[in-house]
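Undergrad: predicted coordinates and the sequence they were generated for:
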Amino acid sequence: MTEKQASMKAYWKRNLRYLLILLIIWFIVSYGFGILLVEPLNTIKIAGFPLGFWFAQQGSIYVFVILIFVYVRLMNKLDKEFDVDEK
C-alpha cells in the first residue's frame, strides 16, 4: 500500500467515524428523547410546552440542522489536514 493510499484510508476512516458519532447523536435526540423518554421529559416545560413534545416536534429537526453544520466544519478541517480541500 502506498503512502497516498494509506492517507486516503485514514481520511475515510475518520470521515466514517464522524458520521457514526453524529448519527448516534441524532438517533438519541430524535428516537430517544422524542419517543422513549417523552413521558419523563414532558414534566419539564419550555415556553408552556412539554419538553418531550418539543423534542418530538421540533427539537430533533433543530439538532439535525446543527449536526449538518458541525459535519461541514469537521470535514473542512479534515480536508485541510489531509490536503484534499478545494483551493
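TA: Nice, thanks for sending it over. Numbering: from 1, shown residues only.
Undergrad: in this structure, which spans are strands?
TA: 45-46, 49-50 (DSSP state E).
Undergrad: out of those strands, flag the one nearest Q57.
TA: Nearest of the strands of the chain to Q57, taken as Cβ to Cβ: strand 49-50 at 8.4 Å. Where C-beta positions appear, they are placed from N, C-alpha and C, glycine not excepted.
Undergrad: buried ones in the longest helix along the chain, by neighbour count?
TA: As assigned by DSSP state H, the longest helix anywhere in the chain is helix 3-27. The neighbour-count check on helix 3-27 (16 or more other Cβ atoms under 10 Å) flags 11, 15, 22, 26 as buried.
Undergrad: so where's the protein uncertain?
TA: The model of the chain has no residue with pLDDT under 70.
Undergrad: gap between the longest helix of the chain and the chain center?
TA: 13 Å (Cα atoms, centre = their mean, to the nearest Å).
Undergrad: just checking, what packs against it?
TA: helix 60-81 (3 or more Cβ pairs under 8 Å, 6 or more residues apart in numbering; DSSP states H and E).
Undergrad: angle of the helix it packs on against helix 3-27?
TA: Angle, helix 60-81 to helix 3-27, by axes from the mean of the first three to the mean of the last three Cα atoms, to 10 degrees: 170 degrees.
Undergrad: heads up, I number from 41, so please use that
TA: In the new count, where the first residue is 41, that last one comes out as helix 100-121.
Undergrad: quick one on the thing from earlier: export the buried residues of helix 43-67 to CSV and append columns for distance to D123.
TA: Shown next, in CSV, are these (distance: Cβ to Cβ, whole Å):
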residue, distance to D123
Y51, 10
N55, 15
L62, 23
W66, 30
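Undergrad: nothing else from me, thank you.
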